[in-house]
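J.: My questions concern the predicted model and sequence given below.
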Amino acid sequence: MVSGASPVVEHAGDYAVVSLSGDVDIAVKSQILDAYQQAIDLMNVPHLIVDVSGVTFMDSTGVSTLAAALEKVKAHGGAVFVVGASARILRLFHIVRLDAVIPVLPETRYFLGGAAARPRELTLHS
């Protein structure tokens, strides 16, 4: 991720939100997988929202981490959603058909009840 940015894990009602920023590539793979695991561990039935609105670059590593998160979440009866994807990331998801298995929506407000709902931030354990 650009400038050492780390994934941010938040809890909001029935959802765990992982916000990514900067470059999502092999250099940050373990941080992202750890963030997804922490988010999954927050809930009995995990529903994971991955906010990619701050992502400037994503390669196949980002796709594979999302696929891994989807597999874990589905095993617990939950669902994964992506929000805030740029046109470039939407194109990547379409090319690899990730958009066929993970719903992509414009904003988290579709889940969190509008601007009034604000998730509380949690610390990511290393």
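T.: Looks like it arrived, so ask away.
J.: just checking, residue 52 touches residue 17?
T.: No. In this structure, residue 52 is not within contact of residue 17 by Cβ atoms under 8 Å, at 11.4 Å. For every residue, glycine as well, the C-beta is placed using N, CA and C.
J.: need the helices for the chain, in chain order.
T.: Taking DSSP state H as the criterion, the chain contains helices spanning 29-41, 60-75, 87-95, 109-112.
J.: in this protein, which ranges drop under the pLDDT threshold?
T.: Flagging of the chain using pLDDT under 70 yields the residue ranges 1-5, 108-126.
J.: centroid residue for it?
T.: In the chain, the centroid-proximal residue (Cα atoms, centre = their mean) is residue 50; its distance is 2.0 Å.
J.: for the protein, what's the longest strand?
T.: When the chain is parsed with DSSP state E, its longest strand is strand 47-58.
J.: Include mean neighbour count and distance to residue 101 when you put the helices of the chain into JSON lines, please.
T.: Formatted as JSON lines, the entries for those read as follows, by neighbours: other Cβ atoms under 10 Å; distance: least, Cβ to Cβ, whole Å:
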{"stretch": "helix 29-41", "mean neighbour count": "19", "distance to residue 101": "16"}
{"stretch": "helix 60-75", "mean neighbour count": "18", "distance to residue 101": "7"}
{"stretch": "helix 87-95", "mean neighbour count": "14", "distance to residue 101": "10"}
{"stretch": "helix 109-112", "mean neighbour count": "16", "distance to residue 101": "18"}
